[in-house]
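**Student:** one predicted model, sequence on top.
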Amino acid sequence: TWVDGTFGAGGYSRGLLEAGADRVIGIDRDPLAHRMAAEWIGSYGGRLELVEGNFADMDQYVSGADGVVLDLGVSSMQLDIAERGFSFQKDGPLDMRMEQAGESAAELVKRLDETTLADVLYTYGEERASRRIARAIVKAREQAPIETTARLSAIVEACLPRPKPGQSHPATRSFQALRIAVNDEIERLKRGLEQAMRVLKEGGRLVTIAYHSLEDREIKRFIASPENNVRAVHKRVIKPSKAEVARNRRSRSAKIRV
């Protein structure tokens, strides 16, 4: 029995089932993930069970699992839909809500004062120009509300130097920071790691895939704490090969720990 705590488009769940898992419980807080899975879930003959919820509450849905996998952050499915507002590469409403409920990124940008906004950008995005960007956002919203991804991206871009070939887009860190704040991702990660210990059998496997240092630091801290009674299976973090990055550019910053 495996728990796929971040079901998304179902890639990990399918992989686990095809590798021989008897049962997979997929958890996702995004209603769209469940609507999309309805088209193909029946082909696994009841071996895949879906739960609409958050992996930070997984002990409400399962116990006695042999493995838990958490593929953290935003999914490709969410990034590719402009209307969800996760990507600076596609113009759409500035939303970023994984559950499609609660405060949106546009509302957060409108509500926060300049100092708090700068703190969010620095803490969750590790953006060194956070104060400059926060000042520009506050100035821009005085002219008109910031309601689209394209407008926010343009504001951030204007604050930073043009990227060199191979460097990430200037808005990457700011969008990451707002997404983490909107979805309370770091606190939910802490809870999710604790929950995994409750649902796993002794000797079970917890697999995490992190995409930025903030998440990875929390995971390393969790592994290092003696009270959690966990042991790293591999001495070094697992990173994608050059061939995998060539096939899937979004995997380039992935870090797997078991």
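**Tutor:** Right, received. Where do you want to start? Everything numeric here is computed off the predicted structure, so don't read it as measured data.

**Student:** excluding sequence neighbours, find me the nearest residue to the spatially most central residue of the chain.
**Tutor:** By Cα atoms, centre = their mean, the mean C-alpha position of the chain lies nearest to G73, the distance being 0.8 Å. Once flanking residues are discounted, G73 sits nearest to Y211: 4.8 Å by Cβ to Cβ, 6 or more residues apart in numbering. For the C-beta atoms, the positions are set from N, CA and C on the backbone; glycine is no exception.

**Student:** ok, V3 - contacts?
**Tutor:** The contact partners of V3, taken as Cβ atoms under 8 Å, 6 or more residues apart in numbering, are 24-25, 27, 55, 58, 62, 65, 67-69, 196, 199.

**Student:** are any of these buried, and if so which?
**Tutor:** Neighbour-count burial (16 or more other Cβ atoms under 10 Å) applied to the contacts of V3 gives 24-25, 27, 55, 58, 62, 65, 67-69, 196, 199.

**Student:** dump the residues you listed to JSON lines, plus distance to A38, pLDDT and secondary structure.
**Tutor:** Shown next, in JSON lines, are the buried ones among the contacts of V3 (distance: Cβ to Cβ, whole Å; pLDDT from 0 to 100; DSSP: H, G, I helix; E, B strand; the rest coil):
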{"residue": "V24", "distance to A38": "16", "pLDDT": "97", "secondary structure": "strand"}
{"residue": "I25", "distance to A38": "16", "pLDDT": "97", "secondary structure": "strand"}
{"residue": "I27", "distance to A38": "16", "pLDDT": "96", "secondary structure": "strand"}
{"residue": "F55", "distance to A38": "21", "pLDDT": "94", "secondary structure": "helix"}
{"residue": "M58", "distance to A38": "22", "pLDDT": "95", "secondary structure": "helix"}
{"residue": "V62", "distance to A38": "21", "pLDDT": "94", "secondary structure": "coil"}
{"residue": "A65", "distance to A38": "24", "pLDDT": "97", "secondary structure": "strand"}
{"residue": "G67", "distance to A38": "25", "pLDDT": "98", "secondary structure": "strand"}
{"residue": "V68", "distance to A38": "24", "pLDDT": "98", "secondary structure": "strand"}
{"residue": "V69", "distance to A38": "22", "pLDDT": "98", "secondary structure": "strand"}
{"residue": "A196", "distance to A38": "27", "pLDDT": "96", "secondary structure": "helix"}
{"residue": "V199", "distance to A38": "25", "pLDDT": "97", "secondary structure": "helix"}
